[in-house]
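# Sequence first, then the predicted structure:
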Amino acid sequence: MTDFVQVSTATETREQAVQLAESVVRARLAAGAQVVGPVTSVFWHLGEFGTGEEWQLLLKTTAELYPALEEHLMAHHSWDKPEVVAVPITAGSPLYLRWVEDSIAPSQSR
């Protein structure tokens with residue numbers, strides 16, 4: 001059975017989030033992406049406390065594709081050190097998980 005993960009990152013603007021989402025899905029590195037926001041972030045950055053508004057991306061893929069997805073996100077993200085994390089999907093609808101697999105599989109017929 002394939003191991004599935006949900007990968008998240010955040011961007012400064014909705015437009016950046018949508019651009020990243022489109023590039024990842026078109027590259028078949030994730031089956032789909034959800035853009036959520038704006039969200040409020042509270043953080044330490046460069047030794048200073050801060051808050052800000054961000055747009056979160058949630059991406060569904062397989063553990064096998066995670067390294068390529070991470071590489072893509074790091075290469076196309078506007079931030080130098082963006083959050084890119086994956087959490088395992090421990091359970092899910094078999095029909096949905098099959099859709100994830102089918103959506104990221106390369107195919108000549110698409």
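Right, received. Where do you want to start? Numbering: from 1, shown residues only.
# residue ranges of the strands in this structure, please?
Counting by DSSP state E, the chain has strands at residues 4-11, 32-45, 48-62, 85-88.
# CA atoms only: put the last one into CSV for me.
To tie it back to what came earlier, the one meant is strand 85-88. The C-alpha coordinates for strand 85-88 follow below in CSV (Å, rounded to 0.1, in the frame of the first residue of the first chain):
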residue,chain,number,x,y,z
VAL,A,85,6.5,20.0,6.1
ALA,A,86,4.7,16.7,5.6
VAL,A,87,2.5,14.7,7.9
PRO,A,88,1.4,11.2,7.2
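# related to what we said a few turns ago, mind checking which of the strands of the chain is nearest His76?
His76 lies closest to strand 4-11 among those, at 10.3 Å (Cβ to Cβ). Just so you know, the C-beta spots here come from the backbone N, C-alpha and C atoms, and that holds for glycine as well.
# how about the nearest residue to the residue positioned nearest the centre of the chain, chain neighbours excluded?
When Cα atoms, centre = their mean is applied to the chain, the residue found nearest the centroid is Leu59 (3.5 Å). Excluding its sequence neighbours, the residue lying closest to Leu59 (Cβ to Cβ, 6 or more residues apart in numbering) is Ala30, at 4.0 Å.
# Please identify which of the strands of the chain is closest to Arg98.
Across these, closest to Arg98 is strand 4-11 (Cβ to Cβ), at 10.7 Å.
# Note down every partner strand of the closest one and its orientation.
strand 48-62 (antiparallel), strand 85-88 (antiparallel) (DSSP bridges).
# Now do that strand, average pLDDT.
Averaging pLDDT along strand 4-11 gives 98.
# Flag every buried residue along the top helix by length along the chain.
Across the chain, the longest stretch assigned as helix under DSSP state H is helix 14-26. Residues 16-17, 20-21, 24-25 are the ones in helix 14-26 that count as buried (16 or more other Cβ atoms under 10 Å).
# Next one: the closest residue to Asp102 other than its chain neighbours, what pLDDT does it get?
Nearest non-adjacent residue to Asp102, counting by Cβ to Cβ, 6+ apart: Ala31, 8.0 Å away. For Ala31, the model assigns a pLDDT of 97.
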